[in-house]
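Student: Give me a 3D structure for the following:
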Amino acid sequence: MAVTLKGRDFVSLRDFSPEEIEQFLQTATAMKLRQKAGMMDRPLEGKTLGMIFTKPSTRTRISFEVGIWQLGGVGLFLSGEELQLRRGETIEDTAKNLSRYLDGIMIRTFDQKDVDDLAANSTIPVINGLTDLLHPCQAASDLLTIREKKGQFSDLKLAFVGDGDNNMVHSLLFAGSKVGMDVSVGAPSGYEPQESIVEMAAEEAAVTGSRLQVTNDPVEAVRGADIVYADVWASMGVEDERQERLRVLQSYQVNAQLWEHVHSEAIFMHCLPAHRGEEVTDEILDSPASVVFDQAKNRLHMQKAIMALTM
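Tutor: Numbering: from 1, shown residues only. Have a look, this model is predicted:
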């Protein structure tokens, strides 16, 4: 029996049970199928989503703005440069004010604490559109794509190669451990995922049977993988480290040589934007194995499900 998710924040996938994650997946799938058939779900008629951006975005802004409109509501773009936050108003006061105007808040920002504090002080649902620590909307969308392409989560291995101290890696560890999918991370020494995240994901994995691995060997990470995942090596906020990261991470590029070690029917995933020729070659990104644009499309459907269920 489905449990109500109304009023819940969507801050981290760790906050949800496997059954609740399944509810998001089923809702997104149903909405996607009905839209394809020409039917539109409008459960948020008359509701308003405030969208706070202190980090620029392509996919996050468009998918949320289109999504809330398709659900019958209205999305308000709130630039971090324009809010009083920039002039010293606290997150706590901002949350209390916005709660009196809006029905939900989506925030895409740098510091995870800002999202946590916003959620703690809001009386309306807060959705984490991305922080430096976590990217739960993308990871939930990726689960939708994996199910569409592979039909299951059990007996699958997802391998991420590159910078492991990364919001996608952290959220994929939570996602995989929740649904019983194995997750392997191949990252250089000093670029591994945060130990606290791995430990929390391991607690979930012990329940679902997921196997987690962190290794410094990219070949070991992808060996037999059903899904190979990459992300940019220099994300927003660490551009000054770009040249050093290119040097350290060059052997973690997803290319034809690395692809020789994956499962014969493996797919390639990337949350985009991709820096072609750095973390992935054109040969892989444009290959039949690549599902990156299907991933991007599914952001719309999953985020509609998240908004519909929580708002």
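Student: What is the burial count for residue 58?
Tutor: 10 (other Cβ atoms under 10 Å). From N, CA and C alone the C-beta is placed, and that goes for glycine too.
Student: Let's see the pLDDT reported for the nearest residue to residue 231 once chain neighbours are set aside.
Tutor: In space, and not counting its chain neighbours, residue 231 is closest to residue 168: 5.0 Å by Cβ to Cβ, 6 or more residues apart in numbering. pLDDT, residue 168: 98.
Student: same question, residue 86
Tutor: 62.
Student: before we move on, what about residue 257?
Tutor: 98.
Student: In contact with residue 254: list those residues for me.
Tutor: 161, 228, 230, 268, 279, 280, 281, 284 (Cβ atoms under 8 Å, 6 or more residues apart in numbering).
Student: Just send the residues you listed back as CSV, with distance to residue 73 too.
Tutor: Putting those into CSV (distance: Cβ to Cβ, whole Å) gives the following:
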residue, distance to residue 73
161, 39
228, 37
230, 34
268, 34
279, 36
280, 36
281, 41
284, 38
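Student: wait, which of the residues you listed is closest to residue 243?
Tutor: Distance ranking of the contacts of residue 254 against residue 243, using Cβ to Cβ, places residue 279 first at 14.9 Å.
Student: so that closest one touches residue 253, yeah?
Tutor: Yes. Using Cβ atoms under 8 Å, residue 279 makes contact with residue 253 at a distance of 6.2 Å.
Student: Comparing the two, which shows the higher neighbour count?
Tutor: Neighbour count, other Cβ under 10 Å: between residue 279 and residue 253, residue 279 has more, with 26 against 20.
Student: does the closest residue to the more buried one other than its chain neighbours have beta-bridge partners, and which?
Tutor: Once flanking residues are discounted, residue 279 sits nearest to residue 230: 4.5 Å by Cβ to Cβ, 6+ apart. Beta-bridge pairing of residue 230 under DSSP bridges involves residue 270.
Student: so what's residue 230 up against?
Tutor: 160, 161, 162, 254, 268, 269, 270, 274, 279, 280.
Student: Tell me how many other residues surround the residue nearest to the second one when sequence neighbours are not counted.
Tutor: In this structure, residue 161 finds its nearest non-sequential neighbour in residue 186, 4.3 Å apart by Cβ to Cβ, 6+ apart. The burial count assigned to residue 186 is 27, neighbours taken as other Cβ under 10 Å.
Student: Check residue 156 too.
Tutor: Using other Cβ under 10 Å, residue 156 has 21 other residues around it.
Student: gap between the residue lying closest to it once chain neighbours are set aside and residue 280?
Tutor: Spatial nearest neighbour of residue 156, excluding adjacent residues (Cβ to Cβ, 6+ apart): residue 226 at 4.6 Å. With distances taken as Cβ to Cβ, to the nearest Å, residue 226 is found 17 Å from residue 280.
Student: More neighbours: the two, which one.
Tutor: Taking other Cβ under 10 Å, residue 226 and residue 280 do not tie; residue 280 has more neighbours (26 against 21).
Student: which residues does that one bridge with?
Tutor: residue 254, residue 276.
Student: what secondary structure does residue 214 sit in?
Tutor: Three-state call for residue 214 (DSSP: H, G, I helix; E, B strand; the rest coil): strand.
Student: residues in contact with the residue nearest to it when sequence neighbours are not counted?
Tutor: Once flanking residues are discounted, residue 214 sits nearest to residue 185: 4.8 Å by Cβ to Cβ, 6+ apart. Contact analysis of residue 185 by Cβ under 8 Å, 6+ apart lists 159, 160, 161, 164, 169, 173, 192, 193, 213, 214, 215, 221.
Student: Now do residue 185, the pLDDT please.
Tutor: 99.
Student: mind checking how far it is from residue 58?
Tutor: Taking Cβ to Cβ, one finds residue 185 at 26 Å from residue 58.
Student: Next: residue 114.
Tutor: Taken as Cβ to Cβ, the span from residue 114 to residue 58 is 21 Å.
Student: try residue 117
Tutor: Distance from residue 117 to residue 58, by Cβ to Cβ: 26 Å.
Student: For this structure, just list every one of the strands.
Tutor: All strands of the chain, identified by DSSP state E, fall at 48-53, 74-79, 104-108, 126-130, 157-161, 182-186, 212-215, 227-230, 267-270.
Student: now the second one: how far from the chain's centre is it?
Tutor: Read it as strand 74-79. Distance of strand 74-79 from the chain centroid (Cα atoms, centre = their mean, to the nearest Å) equals 20 Å.
Student: One more: stretch 155-165?
Tutor: 14 Å.
Student: and the end-to-end length of that stretch?
Tutor: 25 Å (Cα to Cα, to the nearest Å).
Student: Tell me which residues are up against it.
Tutor: Residues contacting stretch 155-165 (Cβ under 8 Å, 6+ apart): 146, 150, 166, 168-169, 172, 176, 181-187, 191-194, 214, 218, 221-222, 224-231, 233, 235, 245, 249, 252, 254, 258, 262-263, 279.
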